[in-house]
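Peer 1: The following comprises the amino acid sequence and a computationally predicted model.
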Amino acid sequence: MSIQISFPDGAVRQYEAGVSGFEVAKSISEGLARHVLAARVNGEVWDLSRPIPSDATIQFLKWEDSDGKSTFWHSSAHLMAEAVEALFPGVKFWVGPPVERGFYYDMDLGDRKISEEDLVALEKKMKELAAAKSEFIRKVISKSEAVEYFSAKGDEYKLDLLQGLTDGEITFYTQGNFTDLCRGPHIPNTGLIKAIKLTGIAGAYWKGDEKNKMLTRVYGVTFPSQKELDEYLAMLEEAKKRDHRKLGKELGIFTFDDDVGPGLPLWMPNGAIVIEELEKLAKETEEDAGYKRVVTPHIAKESMYITSGHLPYYQDSMYPPMELEGVKYYLRAMNCPHHHKIFDAEQRSYKDLPLRLAEYGTCYRYEQSGELFGLMRVRCLHMNDAHIYCTREQFADEFRAVNDMYLKYFGIFGIDKYVMRLSLHDPAKLGQKYINEPELWIETEAMVRQVLIESNIPFIEVADEGAFYGPKIDVQIWSAIGREFTLATNQVDFAQGRRFNLSYTTAGNETDVPLIIHRAPLGTHERFIGFLLEHYAGKFPLWLNPRQVKVLPISDKFADYAKSVASQLKKAGIRAEVDDRNEKIGKKIREAELQRASYMAVVGEKEMEQGQVALRRQGKGDLGSMTVEAVIAKLKNEISSRRDDE
RNA sequence: GCCGUUGUAGCUCAGUGGUAGAGCACUUCCUUGGUAAGGAAGAGGUCGUGAGUUCAAUUCUCAUCAACGGCUCCA
């Protein structure tokens, strides 16, 4: 019997029923057959060896396809497991999936420890096994047989996995001496894996739950050629160069000190400049958007956090209370309750709404020691916070305006690699992780979703990521080394208004509770500046750059002129410094470039005579000579527009 | 908090069971030089902290603190 196979370009070809993807690939070209890793058959990724029983659509997956890579790395995880089993007999396996950049396998090594040296031995073994070009063989197996196999092996993890599977849908994959319970698919054989690097050993809780046993996780990455591995390793080196922890030190932005404490950054003068510029931007923007600024204390009595309901959800990540005269005070981990108290301090009418209270609020969170990460995860943070109190009718417009503010900011900073995430509750955790108001959750989630759809903002929805008091939109970004963080957040709160007994008088002379929006478009100074350091690779745009102009005299003869240039620039509100060290101009330029000064103003005899400077742009080179007035006009324009000249 | 790794000068890093070295930075001197490193000399460290083993510990062992790679968690 013959079947019809259609290809992505619309072509249709006839084959015998039961033809394999590999045979189809070979019928097209030998080259394709050599490189193809898997096939998407009727939309599902299949092994190339799997027979195609009836008419189907097919698309060949190669290394360039993300599904091709995943398959390649998943097979690499099996290859690693085979090597582990060869070197550590008796090991028990949990799961070994592909990830963003490579793969891992979780395993229980019993009492044995695995070290960096073992990784070298494992890599060697993997290379040996890869060279054997073992085929990955798929076998459908009954549940009872599968249970029998892993019972005999004593692998309770695989048995646990089997419990959740349906008889008839269970498959085993075997390559060489290694057999694994696996849904597949896999690449044709291990010989395609040419370059192997095991990248790390880590502990990982079984099933991701910290109450469970910790398994050993080995990470690795593989490639179809050594060249690609080398490129990947070079790329990692590049990423490290833009790590905000490295740049922050090099540029004098922030530091940590053991005596101050972990996670408590000290902002150095250059960091303080960036902070002040960001606050200036936020204050201007919020002023335009009708926000009012407030200032509130960093501590509050326990009673307030009992009222707010934060204590049961948050206590673990708050610094322990200080007790004075029988009263407990907490360092605040969030600003909202303080702002609610300001709302509540005066009688409110519907005419006062929406009321938007803004503050760059300082908060303290006792994050677990292992969670700290440079500026991205700290224990003292300054939040670009504001709370908007509004009626239900005003909610959509207010929420939309907040989103527009996000987009405006992202435009200014050129932030385009992010994902908007609509973070929802999990009905199973109502009353524990989330306020137990099922209807309100559903209603407000729909409101937020609607705003996003109407604003044409692409977003993804994720369950079990909401705040305890309502759904939120998080802006997700990635650090230089690939870690994911929430940069900014826009949250709905239908719970705290009631808990604080907040109210306003409606037009109908009745009392109602306002809805609250919590928003932090610039997140916290800590995370935002950490992000910006990496985003700009240290090259801040002029308006944000602590080093706007470095005036560089050719020799000491021009030092006085250089100082007068700098003071003119400073008078015009431009940050300028003179490098009057006894060094050659080449060296001064090199160092100013490395410090990412936006501009360098070189002054020598010619410039001094004509009241000019030779202007040089960081990363671009000499722009030619111009008068000091012209430089001031140009730079002031760039600064006030917050946009660098191209 | 958990698993693993690391901790030597301001920074980046060598090194050793017999109380330490390089490059850059710093100080001084020479040089006054036109768009990414001019030359010389000098100063600087109780080798993260505490205990143990040893005739002797920066080096070996243990504990502790911190950082890093993950897990969990999160702005």
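Peer 2: Perfect, I can see it now.
Peer 1: rest of the way, CA atoms for contacts and neighbours
Peer 2: Will do.
Peer 1: RNA strand B contacts on the stretch 201-350 of chain A?
Peer 2: A:201-205, A:208-210, A:214, A:216-217, A:245, A:258, A:261-263 (C-alpha under 7 Å from any atom of the strand).
Peer 1: Show me what counts as buried in the one helix or strand in chain A whose mean pLDDT sits lowest.
Peer 2: Lowest by mean pLDDT, DSSP states H and E among the helices and strands of chain A is helix A:310-314, with a mean of 85. By 16 or more other C-alpha atoms under 10 Å, the buried positions in helix A:310-314 come out as A:310, A:311.
Peer 1: how far away is the residue nearest the centre of chain A from RNA strand B?
Peer 2: For chain A, the residue sitting closest to the mean C-alpha position, by C-alpha atoms, centre = their mean, is residue A:484 at 2.3 Å. Distance, residue A:484 to RNA strand B, by C-alpha to the nearest atom of the strand, to the nearest Å: 6 Å.
Peer 1: who does residue A:420 bridge with?
Peer 2: Residue A:420 has these beta-bridge partners by DSSP bridges: residue A:475.
Peer 1: still on that earlier bit, mind listing which of the residues of the stretch 201-350 of chain A next to RNA strand B are in helices?
Peer 2: residue A:245 (DSSP state H).
Peer 1: So which of the residues of the stretch 201-350 of chain A next to RNA strand B wins on neighbours?
Peer 2: residue A:263 (26 neighbours; other C-alpha atoms under 10 Å).
Peer 1: Test my guess that residue A:371 contacts residue A:377.
Peer 2: Yes - between residue A:371 and residue A:377 a contact is recorded at 6.9 Å, counting by C-alpha atoms under 8 Å.
Peer 1: who's more crowded, the two?
Peer 2: Neighbour comparison, residue A:371 and residue A:377: the larger count goes to residue A:377, with 18 against 11 (by other C-alpha under 10 Å).
Peer 1: The residue nearest to the centre of chain A bridge partners, please.
Peer 2: residue A:478.
Peer 1: and it, what is it in contact with?
Peer 2: By C-alpha atoms under 8 Å, 6 or more residues apart in numbering, the contact set of residue A:484 is A:476, A:477, A:478.
Peer 1: my guess is the last one meets residue A:528, correct?
Peer 2: No - with the criterion set as C-alpha under 8 Å, residue A:478 and residue A:528 do not qualify as a contacting pair; they are 11.8 Å apart.
Peer 1: okay, now the residue in the stretch 251-400 of chain A that RNA strand B sits nearest to: neighbour count?
Peer 2: When scored by C-alpha to the nearest atom of the strand, the stretch 251-400 of chain A has residue A:370 as its residue closest to RNA strand B, at 3.1 Å. Each residue near residue A:370 was counted by other C-alpha under 10 Å, and the total is 6.
Peer 1: Quick check: it is in a strand.
Peer 2: No - using DSSP: H, G, I helix; E, B strand; the rest coil, the assignment for residue A:370 is helix, not a strand.
Peer 1: re earlier: quick one: the least confident helix or strand of chain A to chain centroid distance?
Peer 2: A distance of 25 Å separates the centroid of the chain from that of helix A:310-314, by C-alpha atoms, centre = their mean, to the nearest Å.
Peer 1: I'd like the domain boundaries of chain A, if you could list them.
Peer 2: Listed domain ranges for chain A are A:2-61, A:66-238, A:254-297+A:333-535, A:549-641 (source: automatic domain parsing).
Peer 1: Any chance of JSON lines for those domains, columns distance to residue A:303 and mean pLDDT?
Peer 2: Formatted as JSON lines, the domains of chain A follow (distance: least, C-alpha to C-alpha, whole Å; pLDDT from 0 to 100):
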{"stretch": "domain A:2-61", "distance to residue A:303": "56", "mean pLDDT": "91"}
{"stretch": "domain A:66-238", "distance to residue A:303": "31", "mean pLDDT": "91"}
{"stretch": "domain A:254-297+A:333-535", "distance to residue A:303": "11", "mean pLDDT": "94"}
{"stretch": "domain A:549-641", "distance to residue A:303": "45", "mean pLDDT": "95"}
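Peer 1: For residue A:312, find the nearest of those domains.
Peer 2: Residue A:312 lies closest to domain A:254-297+A:333-535 among these, at 9.2 Å (C-alpha to C-alpha).
Peer 1: Quote the end-to-end distance of the closest one.
Peer 2: Taking C-alpha to C-alpha, to the nearest Å, domain A:254-297+A:333-535 runs 17 Å from one end to the other.
Peer 1: Equivalent analysis for stretch A:409-427, please.
Peer 2: 34 Å.
Peer 1: picking up where we left off before, can you turn the buried part of the contacts of residue A:484 into a PyMOL selection?
Peer 2: Buried members of those can be picked out in PyMOL with the line below, counting by 16+ other C-alpha under 10 Å:
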select buried, chain A and resi 476+477+478
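Peer 1: Right, I'll leave it there.
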